[in-house]
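> Build me a model:
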Amino acid sequence: MDYRRFDNKIVARIDKGEEILEKVREIALKENIKLANINALGAVGNFIVGVFKTSEKKYYSNEFTGDFEIVSLTGSINTMNGEFYSHLHMSAGDSQGKVFGGHLNKAVVSATCEMFIDVIDGNVDRYADKEIGLNLFKF
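A predicted model of the protein is given here:
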């Protein structure tokens, strides 16, 4: 991985074999990011995405292995209880044009991932909402 910071914008290259969520965490901690928006594209060979079933308050995950193009990777960096927290969703397409996606749990880059992080001057923490079953923004 390599990246450059331009004021409140970070442009990152995540390399083959690297895991995307680990690198987001690494950048956020190194740059002391408390709030940001993330957008990325690239290629992955293995990824796990989940869907939250609201009636059960539980995530169900699907794992995919093969050649996939990231159609969309978007999300946020913020904090929960003052500590690093990220929330990302990803959609990736296969060679047939089928797209799979959901809440990102893991994604290993197969070629490259080009990421843009827009740092926001501020802080929004999260709290565990027992009724919904998710970690929500706390203003």
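
> need the next SSE after the helix or strand encompassing Asp67, C-terminal direction.
Using DSSP states H and E, the element containing Asp67 is strand 58-80. Per DSSP H and E, the first helix or strand lying C-terminal to strand 58-80 is strand 83-93.

> Who are the contact partners of Leu41?
The contact partners of Leu41, taken as C-beta atoms under 8 Å, 6 or more residues apart in numbering, are Glu69, Ile70, Val71, Ser72, Leu73, Cys113, Glu114. (C-beta placed from N, C-alpha, C; glycine too.)

> Same check on Val49?
Ser61, Asn62, Phe64, His89, Met90, Phe100, Gly101, Gly102, His103, Leu104, Asn105.

> How about the second one, nearest residue that isn't a chain neighbour?
Put plainly, it is Asn62. Spatial nearest neighbour of Asn62, excluding adjacent residues (C-beta to C-beta, 6 or more residues apart in numbering): Val49 at 6.1 Å.

> Now do the buried residues in the helix or strand containing the one you found.
Taking DSSP H and E as the definition, one finds Val49 inside strand 36-53. Of all the residues in strand 36-53, those buried under the rule 16 or more other C-beta atoms under 10 Å are Ala36, Ile38, Ala40, Leu41, Gly42, Val44, Gly45, Phe47, Ile48, Val49, Gly50.

> Export those as CSV, with columns for distance to Phe6.
Below are these laid out as CSV (distance: C-beta to C-beta, whole Å):
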residue, distance to Phe6
Ala36, 14
Ile38, 16
Ala40, 17
Leu41, 19
Gly42, 20
Val44, 26
Gly45, 30
Phe47, 28
Ile48, 32
Val49, 30
Gly50, 33
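
> Closest one to Thr79 out of these, please.
Minimum distance to Thr79 across the buried residues of strand 36-53 is 11.0 Å, recorded for Ala36 (C-beta to C-beta).

> I'd like to know how far the most centrally placed residue in the chain sits from Glu131.
Residue closest to the mean C-alpha point of the chain, counted by C-alpha atoms, centre = their mean, is Leu88 at 3.2 Å. Distance of Leu88 to Glu131, computed by C-beta to C-beta, to the nearest Å: 24 Å.
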